[in-house]
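structural data only, the sequence is not supplied:
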């Protein structure tokens, strides 16, 4: 299980972000640089990749998960017309959806009843919508019992290692950041479910994930440089 790197995916250039400065969000009036994580919209004039997903994505966000640290919101910002975000407990009631809609909706969660993405497609047909829980691994047990998502089929992923820079305490490196889980789910669906050859069609889902990783890595390098200077 290798860790995905930005060199393995086709990302839009970060050069287009040079010169960006913080400005006031027209919605919440907060000071933001690239996008507003509270309003979940790009800042005016900032380059934003356009991503087309192979199915719809619903994100159920835990109330304790900070907007500023949520990688899941990248999906909403990059694919706004195909992504919905619900702040728990204000969740869409999937129990009221038609049987047809429920049949083709899958919850990404490795429960005992979960099946692979490939098996889901074999049993039910093409996935129309995935539901993703945006929370820590310590909160996910309670989140997956949300009444509104009861009865939906769970799907599990093949094992991957996270490239996330801030691991959760006592969680192995197979615990993915939410945007990684979304990316891998869609990619498995594209390749194993739809049987299509993937050529980076929605790699830009990881655009802001790797951009943030750049910033974190640079801060870490700067910290290490300062430590070395103290030892001189």
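Thanks, I have the structure now. Here the structure is a predicted model, which is why all the values come from computation and not from measurement.

could you find the closest non-adjacent residue to the most centrally placed residue in the chain?
The centroid of the chain falls nearest to residue 179 when counting by Cα atoms, centre = their mean (1.8 Å). Leaving aside its sequence neighbours, residue 179 sits nearest to residue 71 (Cβ to Cβ, 6 or more residues apart in numbering; 3.9 Å). C-beta here means a position set from N, CA and C on the backbone, and glycine is covered the same way.

which parts of the chain are strands?
For the chain, strands defined by DSSP state E occupy the ranges 23-24, 31-32, 35-36, 41-42, 56-61, 83-87, 105-108, 115-116, 129-134, 153-156.

quick one: contacts for the residue nearest to residue 179?
Counting by Cβ atoms under 8 Å, 6 or more residues apart in numbering, residue 71 touches 164, 177, 178, 179, 180, 208, 209, 212.

residues near the first one, how many?
Burial of residue 164 is recorded as 20 neighbouring residues (other Cβ atoms under 10 Å).

just the helices in this protein please.
Taking DSSP state H to define them, one finds helices in the chain at 73-78, 99-103, 117-124, 140-143, 178-188, 207-231.

which residues touch the residue nearest to the centre of the chain?
By Cβ under 8 Å, 6+ apart, the residues touching residue 179 are 71, 72, 74, 75, 205, 206, 208, 209.

tell me the most packed of those, by neighbour count.
Within the contacts of residue 179, residue 75 tops the neighbour count with 30 neighbours, counted by other Cβ under 10 Å.

for stretch 145-157, the distance to its chain's centre please.
Taking Cα atoms, centre = their mean, to the nearest Å, one finds the center of stretch 145-157 at 18 Å from the center of the full chain.

no wait, stretch 88-100
Mean C-alpha position of stretch 88-100 versus that of the full chain (Cα atoms, centre = their mean) differs by 21 Å.

contacts for it, please.
With Cβ under 8 Å, 6+ apart as the test, stretch 88-100 has contacts from 58, 60-63, 84, 86, 101-102, 105, 131, 143, 146-152.

so for that stretch, mean pLDDT?
Stretch 88-100 carries an average pLDDT of 97.
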